[in-house]
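> Sequence and predicted structure below; questions after.
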Number of protein chains: 2
Amino acid sequence: MSAPERVWVNGREAGAVSALDRGLQYGDGLFETLACVDGRLRLLGVHLERLSAGCARLGIAIPDIGALRRELEAAASGAPRAVVKLIVTRGAARARGYAPAGAEEASRIVVRYPWPEADRTLGDTGVRVRTAALRLGENPALAGLKHCNRLEQVLARREWSDPTIAEALLYGSSGALVSGTMSNVFAVRGAALYTPRLDRCGVAGIMRRTVLELAARLGILCTEAHLAPEEVAGFEELFLTNALIGIHPVRELDGRALTAGPTTRRLQAGLSALLAEAADA
Amino acid sequence: MSAPERVWVNGREAGAVSALDRGLQYGDGLFETLACVDGRLRLLGVHLERLSAGCARLGIAIPDIGALRRELEAAASGAPRAVVKLIVTRGAARARGYAPAGAEEASRIVVRYPWPEADRTLGDTGVRVRTAALRLGENPALAGLKHCNRLEQVLARREWSDPTIAEALLYGSSGALVSGTMSNVFAVRGAALYTPRLDRCGVAGIMRRTVLELAARLGILCTEAHLAPEEVAGFEELFLTNALIGIHPVRELDGRALTAGPTTRRLQAGLSALLAEAADA
């Protein structure tokens, strides 16, 4: 487990936020989790783009993107490898109640964590995954957003304590596969690639988007679909994505063995090349 | 609008909480909104009971209830009429990620607000109400809890700005009436009383529970039901409840006029007597 190294609030090193912050009161905010590699924040522009779009959807006054970028880069500097988490909330409440006053000033919380000590071979060997009992509520108004209402993920993560299980797959209340608790999921059948449609719930992950673009570039057809449990049971390959792990193949789902096949391996190789390219740019 | 008068964090007058608090990170907490009348917190025991049950459901280590009661009473003392909001979160995160370490110490945030300057005649005249476009996601694991994941309520409250509209009715994704954004709802047809079943989503309000008990005592049959929009359109009376307003009849829903009839008035009179009784006890 990784305790935080440093914390900044609204641009200054500090450990505390207003008790009236709407992020605390209502989860009224968004977050980004960034990989810092060799002192550089991976896919920073894409993260900031998603954050801006999320703020627009929630009606949160987006902080100045240039300043935010500089704050994040300062947080990452001097850390050869780290995780940087950014939370942007609607800011301190001006009054009681759900209605935003409209004049709130967004709060920015930046936390730097050490890079997780996870087994570096998981990209090769794959991870063990279970299916969560909890089903996600569905609300198109929130679908896709990486917002701070994450009690469902907390409850799903509390369903297991076996440290050899890396992740749980979550289905939505209408029965379709959505994601893991902290990752997106892709599935392979033959030459075709599938990933859950996120129009009802789920987070539109940065690595999910990157893999979708990569697949298109490599000529691998990927379909965003509502996938029922029976379909998931029929897939030959599954893999998980997020900004930190990149692509992790699933080697076991609820006790059933799976193997990373050529499509997963091709995407992994392509992703490595793409991220190396981006780091050099 | 009412800015806060005083704020306490973990028993001490303070304005800030840890930026690592899981309440801020994930909305990983619960809250209570209490009416303070003549320096006394109305229905305090029932609020604390609900809080305890909520903590048990989320696996949050409940703070000592005796100490919490004293903190709340101290916050209320010297305020003839006020609103006291209590937030209990799982506490500061020990590590990154959704999984609770299990060793977190719950945070307590107490905020006292001035009593809202709302029209005191609304209990007589009734309020204007609209139907929200947003539909609530449904998750039985969270249903009934007054938890801190309230983005849906924030978005629903952003749908209107007309100050003469007091509340919006919310339906769940499967089509049944749930509640207002900050109130529960009851409906009357003939001699029968109905209120939405909260098994899929919604907050099991303290005043809702009080009215249910009162109705039973008065011999008014109340059914908890899944109510479709067509049924709601057929009700002769509607009223809203919460810990601050008690019972407010709806005098207009989406432009349709409604009148508080004998059942609503009988429950209002009964509630006044019950609350006066409780205050004297």
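It's in. Owing to the predicted nature of the structure, the values given are computational and were not obtained by experimental measurement.
> Nearest residue to the residue of the stretch 101-250 of chain A found nearest chain B in space, please, no chain neighbours.
Distance from chain B to each residue of the stretch 101-250 of chain A (Cβ to the nearest Cβ) is smallest for A:Gly137, at 2.8 Å. C-beta here means a position set from N, CA and C on the backbone, and glycine is covered the same way. For A:Gly137, ignoring the flanking residues on the chain, the nearest one in space by Cβ to Cβ, 6 or more residues apart in numbering or on different chains is B:Gly137 at 2.8 Å.
> That neighbour against B:Gly202, yeah?
No: B:Gly137 is not in contact with B:Gly202 according to Cβ atoms under 8 Å; the separation is 11.2 Å.
> Okay, now the unreliable bits of chain A?
A:1, A:281 (pLDDT under 70).
> most residues in a single helix of it, which one?
helix A:262-280 (DSSP state H).
> Check the offset of it from the chain's centre.
Remark: helix A:262-280 is offset 18 Å from the chain centroid, using Cα atoms, centre = their mean, to the nearest Å.
> Just the residues contacting it, thanks.
Residues outside helix A:262-280 that contact it (Cβ atoms under 8 Å, 6 or more residues apart in numbering or on different chains) are A:37-38, A:40, A:42-43, A:123, A:188, A:191, A:193, A:210-211, A:214-215, A:217-218, A:220, A:237, A:239, A:246-247, A:249, A:260.
> hmm, 7 Å instead?
Contacts to helix A:262-280, defined as Cβ atoms under 7 Å, 6 or more residues apart in numbering or on different chains, come from residues A:37-38, A:40, A:42-43, A:123, A:188, A:191, A:193, A:211, A:214-215, A:218, A:220, A:237, A:239, A:246-247, A:249.
> so what's A:Thr195 up against?
Counting by Cβ under 7 Å, 6+ apart, A:Thr195 makes contact with A:Asn184, A:Val185, A:Phe186, A:Arg208, A:Cys222, A:Glu224.
> same question, A:Ala16
Contacts of A:Ala16 by Cβ under 7 Å, 6+ apart are A:Val9, B:Ala16, B:Val17, B:Ser18, B:Ala19.
> Wait, a helix at A:Ala132?
No: A:Ala132: not assigned to a helix; according to DSSP: H, G, I helix; E, B strand; the rest coil it is strand.
> Is it in contact with A:Arg157, as I believe?
No: taking Cβ atoms under 7 Å as the definition, A:Ala132 is not a contact partner of A:Arg157, at 8.7 Å.
> Buried residues in the strand or helix carrying A:Ala166, which are they?
Assigned by DSSP states H and E, A:Ala166 falls within strand A:165-172. The neighbour-count criterion (16 or more other Cβ atoms under 10 Å in any protein chain shown) identifies A:Ala166, A:Glu167, A:Ala168, A:Leu169, A:Leu170, A:Tyr171, A:Gly172 as the buried residues of strand A:165-172.
> all strands for the stretch 1-150 of chain A, in order.
Taking DSSP state E, counting those that start in this stretch, the strands of the stretch 1-150 of chain A run over residues A:6-9, A:12-13, A:16-18, A:29-37, A:40-41, A:81-89, A:107-114, A:127-136.
> Thanks a lot, catch you later.
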